[in-house]
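1. let's see this in three dimensions:
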Amino acid sequence: MKRASARVGRLGVERAGGRLLHFARRWLACHEEIAAILQEPLPPEAVQVRRSITDRRSGAAGPGASSS
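-> Numbering: from 1, shown residues only. You can find the predicted model right below:
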């Protein structure tokens with residue numbers, strides 16, 4: 001995940017491809033499974049990643065995006 005994030009930092013989101021998103025989805029799936037097993041809520045960082053992925057799918061603008 002660190003390498004994918006560094007690649008996005010170097011190349012930008014559009015040119016880097018979907019590697020970071022792929023690893024973020026896998027990471028989130030692991031956290032969701034652990035939360036279900038432990039019957040605990042997701043940690044805040046997992047909730048934030050889930051929200052980011054959902055916003056990306058729906059095309060919603062993220063924080064700091066201009067609305068013009």
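
2. buried sites along the helix or strand where residue 50 lies?
-> Taking DSSP states H and E as the definition, residue 50 sits inside helix 44-58. Going by neighbour count (16 or more other CB atoms under 10 Å), the buried part of helix 44-58 is 46, 49-50, 52. All C-beta spots, glycine's among them, are computed from the backbone N, C-alpha and C.

3. elements contacting the lowest-mean-pLDDT helix or strand in the chain?
-> Across the helices and strands of the chain, mean pLDDT, DSSP states H and E gives its lowest value to helix 13-16, namely a mean of 74. Contacts defined by 3 or more CB pairs under 8 Å, 6 or more residues apart in numbering; DSSP states H and E place helix 13-16 against helix 2-11.

4. packing partners of the helix it packs on?
-> Helices and strands in packing contact with helix 2-11 are listed as helix 13-16, helix 19-38; criterion 3+ CB pairs under 8 Å, 6+ apart.

5. coming back round to it: now the least confident helix or strand of the chain: buried residues?
-> Neighbour-count burial for helix 13-16 flags residue 16 (criterion: 16+ other CB under 10 Å).

6. any weak-confidence spans in the chain?
-> Under the criterion of pLDDT under 70, the regions of the chain flagged as low confidence span 1, 59-68.

7. got the contact list for the residue nearest in space to the middle of the chain?
-> In the chain, the C-alpha nearest the mean C-alpha coordinate belongs to residue 49, at 4.0 Å (CA atoms, centre = their mean). Contact criterion CB atoms under 8 Å, 6 or more residues apart in numbering gives 24, 27-28 as the residues in contact with residue 49.
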